[in-house]
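Trainee: Return a 3D structure for these sequence lines:
(one chain, ligands or ions: 1)
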Amino acid sequence: MPFPKVTVVGAGFVGATTAQRIVEKDLADVVLIDVVEGLSQGKALDMMQSAPVEGFHSSIRGTNDYKDTAGSDLIIITAGLTRKPGMSRDDLLLKNAEIVGGIAERAASHSPKAVILVVTNPLDVMCYVAWKKSGFPVKRIVGMAGVLDSARYSYFIAKELGCGMNEVQAVVLGGHGDAMVPLPRYTKVRNKPLSDCVDPAALKTIEQRTRDGGAEIVALLKTGSAFYAPSSSAVLMAKSILRNESAVFPSSVYLNGEYGLKDVFTGVPARLGEKGVEEIVELELTDEERKALNVSAEGVRENIRKLSLCIS
Ligand code: A3D
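Mentor: I've put the predicted structure just below:
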């Protein structure tokens, strides 16, 4: 069986690490594309030379030409600017909308049947841009953020409680930003709701650290932002799409009435398979949780409005 084909756009920290994880797991043959000449070619060649050591059989090639991406099953968009210290994800809005819009248009024209997985920030708005510019059915656009936010939440919970990370199943909804919505009622530690396992003050600290998870790393790195956990998270979603696993992940998806929200991308649990978003899973929310989700979605909507001229 030939491997499926994945295009990773952006050969920076997130894109190159995502590509590396995909080939090392033999999930797909990868085309890595960037605007900088030689960057994706050099990284792809270096990764291919690790194949005899790592023992993978799939391949990776670098390019600057979208013709080489033709017929991809999945396009992962990681290209764009990253946050500098003190910069919010939304500061990136206009510049990255231009970059992602151009990429979505070009990549979609060469791979008309692909699913697009967006990673570029501000995430939920970039999903909207990718949808508008690709012209794809909206079920074939999905964004990675909730898997990462949930992984960070799990890590901080496991650290606080001194338990194994595999004993925590964390759920975070909402947009990828300061208004993300951790759900302690649905988060389980050894099958018990998190809210029964930690006191409210500790919970508040964990939730704030989760919200600030990206900024904490940006401040430490000084240049650039997180990429190990983001690439792991993107590859987990990619695997469910490429292998048609229909697994459920918190994903940025287009809502058309689900959770009482319309015409916006935001993070909710969704089943992902080869056709993209197969199902949106509706959790029962309390009034307070629903309110927090609305606030988060409203932030995304406001940014979509700011961009309305360039994506109409
Ligand atoms: P970086 O290492 O700077 O890589 C970005 C790459 O994009 C560079 O190699 C650029 O040359 C390339 N690029 C720029 N414009 C284009 C274009 N038009 N076509 C092709 N390539 C282009 O950044 P990074 O890899 O660390 O981060 C990439 C993006 O992912 C940023 O927007 C981050 O904010 C975002 N990100 C999102 C998450 C989420 O959880 C959603 C997590 C981590 C990073």
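
Trainee: any idea whether residue 6 is helix, strand or coil?
Mentor: strand (DSSP: H, G, I helix; E, B strand; the rest coil).

Trainee: List the beta-bridge partners for it.
Mentor: When assigned by DSSP bridges, residue 6 has beta-bridge partners residue 30, residue 74.

Trainee: I am assuming it contacts residue 23, so please confirm or correct that.
Mentor: No: using Cβ atoms under 8 Å, residue 6 makes no contact with residue 23, being 9.2 Å away. (Each C-beta comes from the backbone N, C-alpha and C, glycine too.)

Trainee: Who has more neighbours out of these two?
Mentor: Between residue 6 and residue 23, counting by other Cβ atoms under 10 Å, residue 6 is the more crowded of the two (31 against 25).

Trainee: Just list the residues touching the more buried one, thanks.
Mentor: 22, 27-31, 72-76, 238, 242 (Cβ atoms under 8 Å, 6 or more residues apart in numbering).

Trainee: can you list the residues that contact stretch 151-170?
Mentor: Contacts for stretch 151-170 (Cβ under 8 Å, 6+ apart): 150, 172, 182, 187-190, 194, 197-198, 202, 206-207, 209-210, 213, 229, 232-233.

Trainee: List the contacts of the residue lying closest to residue 247 once chain neighbours are set aside.
Mentor: Distances taken as Cβ to Cβ, 6 or more residues apart in numbering place residue 240 nearest to residue 247, at 4.2 Å, with adjacent residues excluded. Contacts for residue 240 were tallied using Cβ under 8 Å, 6+ apart; they are 246-247, 249, 272-273.

Trainee: Please give me every residue in contact with residue 116.
Mentor: 74-77, 104, 107-108, 130, 134, 136, 140-142.

Trainee: ok, and it, which helix or strand is that part of?
Mentor: strand 115-118 (DSSP states H and E).

Trainee: Could you check that strand against the ligand for contacts?
Mentor: No: counting by Cβ under 6 Å from any ligand atom, the ligand has no neighbours in strand 115-118; the shortest distance is 7.9 Å.

Trainee: per-residue pLDDT, the residue in the stretch 151-300 of the chain positioned nearest to the ligand?
Mentor: Nearest residue of the stretch 151-300 of the chain to the ligand, counting by Cβ to the nearest ligand atom: residue 230, 3.5 Å away. At residue 230, the model reports a pLDDT of 98.

Trainee: What residues of the helix or strand hosting it count as buried?
Mentor: Per DSSP H and E: residue 230 is located in helix 228-242. By 16 or more other Cβ atoms under 10 Å, the buried positions in helix 228-242 come out as 229-231, 233-242.
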